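A.B. asks: Okay, structure incoming, though there's no sequence with it:
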């Protein structure tokens, strides 16, 4: 800490856990006033909440409102991939995207030796082990993946807005285009 006063506050709050404020309703003690204010709002409904000006949500802390504004109402994508330039709002999304450029496959299938770059890809693959088929309700072609049925619908039945999906057991034969 650069300021001795802040260092003393830190030691008292974090290491010594000296109680500075006590809840008069339930008796719980707090070393930091902000924790007390949050407790009063969340546990006893006492105090002012921070309201979003763009939607009905409210928050116990200003930091919660700031995070909500960034996630829900901001379109700024300040992080970009150094390899392909794709832009992201959040570091976690950028980190997940970076697997596209990597050979790492950290998500193994639980039923076979295959490995995948994302949880979503693994989950879609693991669905094939269930024997469930996705059948087109218009022409009765069947697919192991819902995404293949959706592609079929866009290509073969573009007049239909929503794909008509009938999940059936493995008794149907699988066909492809």
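C.D. replies: That came through, no problem. Note that the coordinates shown come from a computational prediction; the quantities given were computed from them, not determined experimentally. Numbering: from 1, shown residues only.

A.B. asks: make it CA atoms for all contacts and neighbour counts henceforth
C.D. replies: Will do.

A.B. asks: Would you mind measuring from residue 57 to residue 45?
C.D. replies: Taking CA to CA, to the nearest Å as the measure, residue 57 falls 15 Å from residue 45.

A.B. asks: per-residue confidence at the closest residue in space to residue 128 that isn't next to it in sequence?
C.D. replies: Computed as CA to CA, 6 or more residues apart in numbering, the closest residue to residue 128 that is not its neighbour in sequence is residue 144, at 5.9 Å. The predicted local distance difference test score for residue 144 is 87.

A.B. asks: per-residue confidence for residue 109?
C.D. replies: Predicted confidence (pLDDT) at residue 109: the value is 95.

A.B. asks: and what of residue 66?
C.D. replies: At residue 66, the predicted lDDT confidence score is 92.

A.B. asks: does it count as helix, strand or coil?
C.D. replies: Assigned with DSSP: H, G, I helix; E, B strand; the rest coil, residue 66 falls in the helix class.

A.B. asks: those helices in the protein, which residues are they?
C.D. replies: The residue ranges that make up the helices of the chain, judged by DSSP state H, are 4-10, 33-44, 62-68, 91-97, 119-126, 146-156.

A.B. asks: Which strands or helices does the last one pack on?
C.D. replies: What it means is helix 146-156. Applying 3 or more CA pairs under 8 Å, 6 or more residues apart in numbering; DSSP states H and E, one finds that helix 146-156 makes contact with strand 133-136.

A.B. asks: Could you tell me how far the strand it packs on lies from the centre of the chain?
C.D. replies: Its chain's average C-alpha position is 29 Å from that of strand 133-136, according to CA atoms, centre = their mean, to the nearest Å.

A.B. asks: Quick check: buried residues in it?
C.D. replies: When neighbours are counted by 16 or more other CA atoms under 10 Å, the buried residues of strand 133-136 are found to be 133, 134, 135, 136.

A.B. asks: Likewise for stretch 48-61?
C.D. replies: By 16+ other CA under 10 Å, the buried positions in stretch 48-61 come out as 49, 50, 58, 59, 60, 61.

A.B. asks: Quick check: end-to-end length of it?
C.D. replies: In stretch 48-61, first residue to last residue: 9 Å (CA to CA).

A.B. asks: Show me what the mean pLDDT comes to for that stretch.
C.D. replies: Model confidence over stretch 48-61, given as mean pLDDT, is 90.

A.B. asks: Show me the contact partners of that stretch.
C.D. replies: The set of residues that contact stretch 48-61 without belonging to it, under CA atoms under 8 Å, 6 or more residues apart in numbering, is 38, 41, 42, 62, 65, 69, 73.

A.B. asks: which residues sit in contact with the residue lying closest to the second one once chain neighbours are set aside?
C.D. replies: In space, and not counting its chain neighbours, residue 41 is closest to residue 47: 5.6 Å by CA to CA, 6+ apart. Going by CA under 8 Å, 6+ apart, residue 47 touches 37, 40, 41.
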